[in-house]
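> Just the structure for this:
(one chain, ligands or ions: 1)
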Amino acid sequence: MANHFFSKLIIVGIISFFVFPIYANTDYDAKLKALDSIRSSDNKKFIEQLAEFEATEKSLSPYQQQHLKYLQAYKATFSGNLEEAVKLSKELTGPETNEEFRFRSSLLLLNTLAVSKNWQEGMAYLTLIIDSLPNLTSVELRDTGIAVILQTYVLYGQYDEVINFNRNSLSANPSPRNNCLVNWFTLDAKIQSGNIKVNSPEFDKVESLCSLANEPLVTNIVRLREAQLYLTKEDTDQALMILLMAQDDVVKANYRRLITEVHATFANAYLAKENLERAKEFANKVIENISGLETTEPARIAYEVLYKLAKSQQDHENALAYYEKYTSTDRAYLDEIEAKALAFQKAKQNSILQKSEINLLNKQNELLNSRNELLKAEQSLAQSEAENTRLVAALLMAIVTLLTFFGYRSWRTQRRLKTLAEYDYLTKVYNRGHFMTIAEDTLALAQKAKQNVTCIIFDLDKFKSVNDTYGHSAGDWALKATVAAVKDCIRENDIFARLGGEEFIILLPSCDIQAATYVAEKCIHKLQKIDTTESGHDFTITASFGITTSKISGYNISALSTDADAALYKSKDNGRNQLTIFEK
Ligand SMILES: Nc1nc2c(ncn2[C@@H]2O[C@H](COP(=O)(O)OP(=O)(O)OP(=O)(O)O)[C@@H](O)[C@H]2O)c(=O)[nH]1
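Have a look, this model is predicted:
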């Protein structure tokens with residue numbers, strides 16, 4: 001089938017459809033842009049002007065250098081210098097290259113590798129291009145990428161991929177060029193897979209779209225395909241008419257592959273028309289231009305035509321020679337189809353494998369992420385637990401502190417209340433009420449133990465005059481000084497209390513009257529010795545004492561105090577500052 005070869009023609013043709021970069025307003029930019037715009041539509045001029053541009057000395061920006069290199073790679077592809085084209089294109093596929101030229105050179109590389117039949121490597125670039133499509137910022141470049149992908153599918157015989165391609169991935173308003181190409185490759189896939197009728201309106205549609213886009217190369221290819229289809233339907237006249245109409249434009253396009261393809265189709269058509277001379281003429285034109293295209297379909301067709309002609313002319317020697325060339329070209333051609341299909345399937349498998357590996361890695365990552373999340377959650381849980389523990393500990397501390405504080409306050413209040421209830425506020429000895437309670441208990445125990453208990457009551461002498469003369473505070477001072485002095489004269493376990501005013505009582509367990517008398521005398525002496533100047537005044541403190549004992553008054557506190565009081569009044573009556581032992 002001539003169609004398979006023909007798809008290769010489009011490879012370089014498509015290069016002309018790439019979008020133009022955004023240029024700075026400099027002469028070099030303008031010049032490079034102008035060169036870019038004519039590179040396929042007027043290839044002769046492009047090659048001449050590029051040579052002129054290369055010849056002059058200039059300092060180019062990195063962007064301009066990349067643009068120039070891209071055009072040089074394009075020229076190399078177009079001129080069949082595939083090795084140079086691959087080398088230059090590969091130099092532009094690194095990350096340092098501007099996105100546009102990186103992508104355009106990947107497309108160029110894809111085409112060049114296909115032209116040089118490096119199917120496997122070409123497929124690797126196809127996968128790369130497909131994967132980089134979503135990251136492209138330029139919508140037009142993306143559309144161009146899609147067109148190239150479709151073209152590659154056609155080239156590799158993957159027609160279903162083209163027919164089933166989701167056109168929604170194209171932009172809403174593709175450029176006329178991309179619109180032409182996408183429609184053309186779709187039609188091409190339908191032709192190659194036998195899914196189109198010879199008079200389908202799609203031919204006219206694609207032809208007009210591509211004329212509108214000013215792409216004579218594609219327009220001619222469409223015409224050629226139409227002619228080839230008519231040939232397969234044995235409508236040779238229609239085929240020849242189309243070929244003759246396209247002939248001039250094809251020559252103008254100056255593309256050797258297209259020209260050999262057209263010549264091969266002419267040869268086939270004339271052979272069918274039994275115009276053997278013309279058939280031979282065109283077959284020979286193909287052979288003349290066959291250098292580099294020896295194993296392509298035009299060569300196969302040309303040899304087939306020449307073989308048939310030689311055979312029909314009984315030229316057995318040439319017939320055999322052409323037949324051998326025909327079969328070897330045919331084998332090479334079929335091998336090529338097989339190799340392409342194999343390369344495509346391999347690339348597809350690799351891509352699926354890669355994607356499953358990526359999926360697997362993603363799954364592993366997800367798993368790792370979940371584990372990390374879990375670890376983080378556990379950590380934060382542990383952290384919150386630790387924080388909670390700290391919080392609870394702090395709360396407990398606060399509660400304990402508060403309880404301690406309130407407990408202490410309550411204990412202090414209780415103690416103060418108890419003190420108020422039990423002690424005399426001024427002298428801090430027992431008050432009357434508490435004294436009575438303790439005294440009763442003590443006397444009860446002493447009675448049981450048959451111990452003697454004595455009771456001393458004393459009252460300060462002429463205390464009113466102290467208050468009157470030196471003031472109430474001096475009186476208070478005297479009361480406190482009295483208590484301190486008396487405490488020095490009694491024992492720890494003697495019960496000392498203030499009965500009220502300037503009157504005091506001492507209950508002395510296990511104490512007989514002699515001992516009590518001694519204590520009272522000691523007190524009288526001590527009180528007289530109090531240095532009152534500390535109060536700011538100079539006066540003397542004396543007191544009158546009355547003493548009784550349980551032996552005389554019994555173990556009843558009221559009786560004891562009454563009797564001791566009676567003795568005290570005797571002391572007062574007798575001139576004060578003395579003691580009196582109660583007598584019944
Ligand atoms: N500064 C002070 N004076 C008090 C206190 N309690 C009672 N007094 C005073 O003690 C004085 C007692 O006076 P009186 O009962 O006349 O007895 P006195 O002056 O000591 O005379 P005699 O007992 O007869 O020696 C009164 O003036 C009371 O006001 C007190 O807590 N502080």
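> tell me the SS of the residue nearest in space to the middle of the chain?
Nearest to the geometric centre of the chain sits residue 369, at 10.9 Å (CA atoms, centre = their mean). Taken by DSSP: H, G, I helix; E, B strand; the rest coil, the conformation at residue 369 corresponds to helix.
> quick one: it from the ligand, how far?
86 Å (CB to the nearest ligand atom, to the nearest Å). (Glycine included, C-beta is placed from N, CA and C.)
> Please apply the same query to residue 291.
142 Å.
> Around that residue, count how many other residues there are.
9 (other CB atoms under 10 Å).
> Now for it: which residues touch it?
Counting by CB atoms under 8 Å, 6 or more residues apart in numbering, residue 291 touches no other residue.
> Can you tell me which residues in the stretch 351-500 of the chain are near the ligand?
The stretch 351-500 of the chain comes close to the ligand at residues 426, 459-464, 467, 472, 475-476, 479, as judged by CB under 6 Å from any ligand atom.
> mind listing which of these are in strands?
459-460 (DSSP state E).
> Which among the residues of the stretch 351-500 of the chain next to the ligand count as buried?
459-463, 467, 475, 479 (16 or more other CB atoms under 10 Å).
> How about residues contacting stretch 475-488?
So stretch 475-488 is contacted by 426-429, 458, 460, 463, 466-467, 496, 498, 502, 504, 506, 523, 526-527, 529-530, 532, 534-535, 539, 541, 543 (CB under 8 Å, 6+ apart).
> Tell me the buried residues in stretch 160-179?
Quick answer for stretch 160-179 (16+ other CB under 10 Å): 161-162, 165, 170, 174-179.
> Next: stretch 39-48.
Quick answer for stretch 39-48 (16+ other CB under 10 Å): 39-40, 42-43, 46-47.
> one step back: out of the contacts of stretch 475-488, which sit inside helices?
With helices taken from DSSP state H, the overlap with those comprises 463, 466-467, 523, 526-527.
> any idea where the strands of this structure begin and end?
Under DSSP E, the chain gives strands at 454-460, 495-500, 503-508, 543-549, 579-581.
> From residue 507, how far off is the closest residue to the ligand within the stretch 301-450 of the chain?
Residue of the stretch 301-450 of the chain nearest the ligand, by CB to the nearest ligand atom: residue 426 (5.8 Å). According to CB to CB, to the nearest Å, residue 426 stands 20 Å off from residue 507.
> Ok, residue 428 next?
17 Å.
> interface residues of this protein facing the ligand?
Near the ligand, when you scan the chain using CB under 6 Å from any ligand atom, you find 426, 459-464, 467, 472, 475-476, 479, 501-502, 572, 576.
> ok, 5 Å please
Counting by CB under 5 Å from any ligand atom, the residues of the chain close to the ligand are 461-464, 467, 472, 475-476, 501-502.
> Return the member of these nearest to residue 148.
residue 476 (115.6 Å; CB to CB).
> quick one: pLDDT of that closest one?
Per-residue confidence at residue 476 stands at 95 (pLDDT).
> burial of the nearest residue to residue 188 once chain neighbours are set aside, as a residue count?
Nearest in space to residue 188, with sequence neighbours left out and distances taken as CB to CB, 6 or more residues apart in numbering, is residue 154 at 5.1 Å. When counting by other CB under 10 Å, one arrives at 27 neighbours for residue 154.
> what's the answer for residue 199, then?
14.
> ok, it to residue 226 distance?
Taken as CB to CB, the span from residue 199 to residue 226 is 9 Å.
> and if you look at residue 499?
In terms of CB to CB, residue 499 sits 142 Å off from residue 226.
> Please identify which of the two sits among more neighbours.
residue 226 (25 against 19).
> how about the nearest residue to that one once chain neighbours are set aside, what does it touch?
Among residues not flanking residue 226 along the chain, residue 203 sits closest, at 5.1 Å (CB to CB, 6+ apart). Going by CB under 8 Å, 6+ apart, residue 203 touches 187, 222, 225-226.
> Next, find the distance separating the closest residue to the ligand within the chain from residue 531.
In the chain, the residue that lies nearest the ligand is residue 475 (2.3 Å; CB to the nearest ligand atom). Taking CB to CB as the measure, residue 475 and residue 531 are separated by 17 Å.
> can I assume residue 160 is in contact with residue 192?
No. With contact defined as CB atoms under 8 Å, residue 160 and residue 192 do not form a contacting pair (10.7 Å).
> Dihedrals phi and psi, the residue of the stretch 301-450 of the chain closest to the ligand?
phi -90, psi -50 (degrees, to the nearest 10).
> List the contacts of it.
Here residue 426 is in contact with 476, 479-480, 498 (CB under 8 Å, 6+ apart).
> Need the residues of the stretch 351-500 of the chain next to the ligand in a markdown table (columns: distance to residue 251).
Shown next, in a markdown table, are those (distance: CB to CB, whole Å):
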| residue | distance to residue 251 |
| --- | --- |
| 426 | 138 |
| 459 | 154 |
| 460 | 151 |
| 461 | 156 |
| 462 | 156 |
| 463 | 151 |
| 464 | 153 |
| 467 | 147 |
| 472 | 142 |
| 475 | 145 |
| 476 | 140 |
| 479 | 143 |
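> Contact partners for the spatially closest residue to residue 236 that is not a sequence neighbour?
Using CB to CB, 6+ apart and skipping the chain neighbours, the partner closest in space to residue 236 is residue 272 (4.5 Å). Residues near residue 272 by CB under 8 Å, 6+ apart: 231, 234, 236.
> for residue 526, same thing?
Residue 526 touches 485-486, 488-489, counting by CB under 8 Å, 6+ apart.
> Go again with 7 Å.
Residue 526 is in contact with 485, 488-489, counting by CB atoms under 7 Å, 6 or more residues apart in numbering.
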